[in-house]
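**Q** with the sequence up front, the predicted model follows.
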Amino acid sequence: MATLSTPSRVWRPAHVAALVGGNVALALGPWWVRLADSGPVSAGFWRLFLALPVLFVLARANRQPVGGFPRGTWLALAGAGAFFALDLASWHLGIGMTRLGNAALFGNAGSVVLMAWGLIALRRRPHRAEAMAFAAALAGTAILMGRSLELGAQTLMGDALCLLAGLLYAGYIMLLQGERARFGSWSLLALSSAAGAPVLLAVALLRGEPVWPHHWGPLLGLALTSQMIGQGLLVYALGHFRPLVIGLALLTQPAVAALAGWLAFGERLGLIDVLGMALIGAALVLARLGEEKG
């Protein structure tokens, strides 16, 4: 979630380290989900719930509002929180069914979806870079899903759930588009997490998942790396970079996730898998470039 400040053209080592470190921390999320002994949706609940005190403290420390909004804003927050929760639920379920590299790529597909939504809202045809992004995304998705189908129907379903998560995250962004100017980045993250946590808990209970873990380490690691360190570093860094650079840095997530999947779970990638990932990665970068020109 990008900060509202204008990106600077001066890159300091701390900014670069925060941008790369934030993406690496977020990329470790699927690994923690796999290690958790709670259910996958329950892990999403703990990811949000355990991070809430820190997020609200950071929002207040940065003098960002966390209350006193009109009814319409609270409704938008509730809806956005539900989308955010369903995004995590779908993604966490998919993580357990497909390769970690695929999960990271498809989970970030919201950038392409938002670009498509912007074109529909503007009622115009895509420019060359935008058309190339759509073509690359479709080709890469077809390749990776085809490879997953070779491994089994469950792996293909995992890809589909992670892709659904990307669509739901785009819905979360669109729901808050009109209210975004009211919030700072920490306020938005804290309030959406607070709205999403009860939804995740309800879904986990309806699914009959174990909620209370035997080992807290993976869940604490998930909350720390994904919701606090990862998001925190990106909140700090994103105001200093153009969208194209952000898109390029985003590609560290599937690379790190694929490496973790190989080292921890023996998930090996072939050349055709790398081609599919490269095509979707190119689509994400082109989508970010479209933001810069827009």
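**A** All right, it came through fine.
**Q** give the rounded mean pLDDT of the host helix or strand of residue 84.
**A** Using DSSP states H and E, residue 84 maps to helix 71-95. When pLDDT is averaged over helix 71-95, the result is 93.
**Q** cool, and stretch 30-48?
**A** Stretch 30-48 comes out at a mean pLDDT of 96.
**Q** gap between the two ends of it?
**A** Stretch 30-48 has an end-to-end distance of 15 Å (criterion: Cα to Cα, to the nearest Å).
**Q** how about that stretch: buried residues?
**A** For stretch 30-48, the neighbour count (16 or more other Cβ atoms under 10 Å) marks 30-34, 36, 38-48 as buried. Where C-beta positions appear, they are placed from N, C-alpha and C, glycine not excepted.
**Q** how distant is it from the center of its chain?
**A** How far stretch 30-48 lies from its chain's middle: 15 Å, per Cα atoms, centre = their mean, to the nearest Å.
**Q** go on, stretch 189-199?
**A** Remark: stretch 189-199 is offset 15 Å from the chain centroid, using Cα atoms, centre = their mean.
**Q** repeat for stretch 43-57
**A** Averaging C-alpha positions (Cα atoms, centre = their mean) puts stretch 43-57 16 Å from its chain's average.
**Q** do the same with stretch 174-192
**A** Remark: stretch 174-192 is offset 16 Å from the chain centroid, using Cα atoms, centre = their mean.
**Q** likewise for stretch 114-133?
**A** Averaging C-alpha positions (Cα atoms, centre = their mean) puts stretch 114-133 21 Å from its chain's average.
**Q** circling back: packing partners of the helix holding residue 84?
**A** In terms of contacts (3 or more Cβ pairs under 8 Å, 6 or more residues apart in numbering; DSSP states H and E), helix 71-95 is packed against helix 29-35, helix 40-61, helix 100-107, helix 153-175, helix 185-206.
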